[in-house]
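Chemist: Quick one, what's the 3D model for this:
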Amino acid sequence: MIGVKHFIHVISLVTLLCISAKASNFGVTNARPRCFSSSLISQLRGGDATSRPYLPYTLAIRDSIMIAHSFHNNPNFGPAGGLHGATYTVDVEFASKELHPECNWVIDIGAASEMVADVLKQYNYKNLDDVFGEEVMTTTEFMCKAVFDGIVQKLKDKQVMDENLFEGWIKVTLWESHKAWASFEGPAS
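Modeler: Residues are numbered from 1 along each chain as shown. So this is what the prediction gives:
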């Protein structure tokens, strides 16, 4: 039932956005015509047309890492404040407006897999307290950004050799379990 209620809520929101847009077309209000935007999903997520452009092509790489870390006994983290382990499933999605001009791909899947593996190996089987220092709270959200930054740097290094390697948007998702995950996304450049 929760899924149906959520779906009905989203449909209601879309309907309101479209009614608002139609009303603005007739001078009733100055509301922006959101339902005609190519980034409706982004708008529903709280963004606008500049936050995530419409990029219809995607390629995703999945890997995993096993880490240890603590939250330095900070009481806000409850029992997770002490040293514990985690196994993350890591999804890195590459999104692009167009396919590679010669190869018809978003990015070379081998190159993408290699980049993801290279970034993840600096954390795999490591204590993140040692990697980032005792003062850093290595939350899942923080680690999404760390992996994202590593992927962007690897892309910059590889694009020196192949300027057409990839142009677009990257989204990194770390799954703590089937119930909990975090993401970070942004432009590849």
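
Chemist: hey, what's the residue nearest to the spatial centre of the chain bridged with?
Modeler: The central residue of the chain, meaning the one whose C-alpha is nearest the mean C-alpha position (C-alpha atoms, centre = their mean), is Lys171 at 2.8 Å. Under the criterion DSSP bridges, Lys171 forms beta bridges with Glu93, Glu185.

Chemist: please renumber so the chain begins at 52
Modeler: Taking 52 as the first residue, the last one we looked at is Lys222.

Chemist: What's the per-residue pLDDT of it here?
Modeler: At Lys222, the model reports a pLDDT of 98.

Chemist: Surely it is in contact with Pro238?
Modeler: No: in terms of C-beta atoms under 8 Å, Lys222 does not count as a neighbour of Pro238; the distance is 10.9 Å. All C-beta atoms are positioned from the backbone trio N, CA, C, and that covers glycine.

Chemist: Strands of this structure, residue ranges please.
Modeler: Residue ranges of the strands in the chain, as given by DSSP state E, are 108-120, 135-147, 177-178, 220-226, 232-238.

Chemist: The first one pairs with which strands, parallel or anti?
Modeler: Translated: strand 108-120. If you go by DSSP bridges, strand 108-120 pairs up with strand 135-147 (antiparallel), strand 177-178 (parallel).

Chemist: Please work out which of those is packed deepest.
Modeler: strand 135-147 (a mean of 18; mean count of other C-beta atoms under 10 Å).

Chemist: Now that one - C-alpha only, PDB.
Modeler: Listed in PDB are the C-alpha atoms of strand 135-147, where the atom choice follows Å, rounded to 0.1, in the frame of the first residue of the first chain:
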ATOM      1  CA  HIS A 135      32.800  -1.900  13.100                       C
ATOM      2  CA  GLY A 136      32.900  -3.400   9.600                       C
ATOM      3  CA  ALA A 137      30.800  -2.800   6.500                       C
ATOM      4  CA  THR A 138      30.500  -4.400   3.100                       C
ATOM      5  CA  TYR A 139      29.400  -1.900   0.500                       C
ATOM      6  CA  THR A 140      28.000  -2.700  -2.900                       C
ATOM      7  CA  VAL A 141      29.200   0.200  -5.100                       C
ATOM      8  CA  ASP A 142      27.300   1.300  -8.200                       C
ATOM      9  CA  VAL A 143      28.900   3.900 -10.400                       C
ATOM     10  CA  GLU A 144      26.700   5.200 -13.200                       C
ATOM     11  CA  PHE A 145      28.000   7.100 -16.100                       C
ATOM     12  CA  ALA A 146      25.400   9.200 -18.000                       C
ATOM     13  CA  SER A 147      25.800  10.900 -21.300                       C
END
